[in-house]
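> Sequence first, predicted model second:
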Amino acid sequence: MNIKYHHFSKLKSILLCVVFLLFSTSLLSQEISGRVYDDTSVLPGVTVFNSNKKTAVVTNEDGAFTIKAAIGDTLTFQSSFHISQDKIITLAEYRTLLIVELKQKINTLDEVLLSGKEKEFDVEKYNADLSKQIENDIENNPFDYGKAPAGGGVNLLALAKLVISIFKKKPEKEIIYATQTDLIHLFKDDVFFTETLLENTLKIPKQYKNLFLEYCTAKQIEEALLKEENKFQLLDILVVSSNEFRDIVAKYEADK
């Protein structure tokens, strides 16, 4: 009797372990679904990035998304016009729809518009600063102003040249744009911008990959956006570009 009970208990323990393993495995392979919104509406075009699995999806027109995630994974919600938010997945997220609210960014221009006040130009302070700058330059570089006139003072011609130099516009920094080769290498070597992201997130078919990258090149994407710290900004641009590109392809195929 004891032997039978012992075998039964052992079998029960084994079955519980198997059930636990199956349950754990199912959790590791499950997908999380949710919806993103702010204080005004649902948010389409928000990037949902799983930093553990290095995968990403974009919310649809209803602000909805579905992404593979395991317990403990961190999802980052990123939008150009909202403050990014991280969410660590727990068991509770598998039992209900994940709801994420993003806070809108308010830039300096927004603050001016909201307050209705624009900072006034202080003429007296500006003139005082300019006079001080000229005075310091004369003191530090006296010979640049030539020989002083007989009655004292400074060389007015040299002074006029200084004022002109102060207001002279500095040349704009040259912008370097990414080439098609840069984008090809990006999707080949980067751990975030992968072939999977290109096909599943951006929904670009394999046969149109090079043509899409050529299209992105024509849109003149700044090379600086290819850096790691700018990946979400670049993804936003690629999402918009992929939507435009797919519309062009759909029209082309419809007219064939």
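Done, it's in. Note that the structure is predicted; figures quoted are calculated from it, not measured.
> Check the spacing between residue 187 and residue 81 real quick.
With distances taken as CB to CB, to the nearest Å, residue 187 is found 26 Å from residue 81. Just so you know, the C-beta spots here come from the backbone N, C-alpha and C atoms, and that holds for glycine as well.
> three-state assignment of the nearest residue to residue 230 once chain neighbours are set aside?
If the residues on either side of it in the chain are set aside, residue 230 comes closest to residue 224, at 6.6 Å by CB to CB, 6 or more residues apart in numbering. With DSSP: H, G, I helix; E, B strand; the rest coil as the basis, the three-state label of residue 224 is helix.
> which stretches of the protein have low pLDDT?
Scanning the chain for pLDDT under 70 picks out the ranges 1-29, 107-173, 256.
> could you pull out the helices for it?
2-29, 108-115, 123-140, 156-167, 180-189, 195-196, 209-218, 231-255 (DSSP state H).
> ok, residue 187 and residue 81, which is more surrounded?
Shown here are residue 187 and residue 81; by other CB atoms under 10 Å, residue 187 has more neighbours (19 against 14).
> Residue 33 versus that one, what's the distance?
Here residue 187 is placed at a distance of 27 Å from residue 33 (CB to CB).
> next one: residue 49
For residue 49, the distance to residue 33 - CB to CB - is 16 Å.
> Looking at those two, which one has more neighbours?
Per other CB under 10 Å, whichever of residue 49 and residue 33 has more neighbours is residue 49, with 25 against 14.
> so the residue nearest to residue 230 touches residue 233, yeah?
No. The criterion here is CB atoms under 8 Å, and residue 224 misses it with residue 233 at 9.7 Å.
> Quick one: neighbours of residue 94, just the number.
17.
> let me fix that: residue 211
14.
> quick one, what contacts it?
For residue 211, the contacting residues are residue 245, by CB atoms under 8 Å, 6 or more residues apart in numbering.
> again with residue 103
So residue 103 contacts 38-39, 82-83 (CB under 8 Å, 6+ apart).
> how near is it to residue 235?
For residue 103, the distance to residue 235 - CB to CB - is 20 Å.
> Name the nearest residue to residue 232, sequence neighbours excluded.
Per CB to CB, 6+ apart, closest to residue 232 is residue 78, 4.2 Å.
> likewise residue 241?
Residue 241's closest residue in space is residue 216 (CB to CB, 6+ apart), at 5.3 Å.
> Can you give me the neighbour number for that neighbour?
So residue 216, with other CB under 10 Å, has 20 neighbours.
> is it true that it touches residue 239?
No. Counting by CB under 8 Å, residue 216 does not reach residue 239; the two are 11.4 Å apart.
> okay, now the residue nearest to residue 232: neighbour count?
There are 21 residues near residue 78, going by other CB under 10 Å.
> what's it in contact with, if anything?
46-47, 49, 84, 232, 235-236.
> re the thing from before, so which of the contacts of residue 103 is the closest to residue 212?
Residue 212 has its nearest neighbour among these in residue 82, at 26.7 Å by CB to CB.
> where's the closest one relative to residue 237, distance?
As defined by CB to CB, residue 82 lies at a distance of 16 Å from residue 237.
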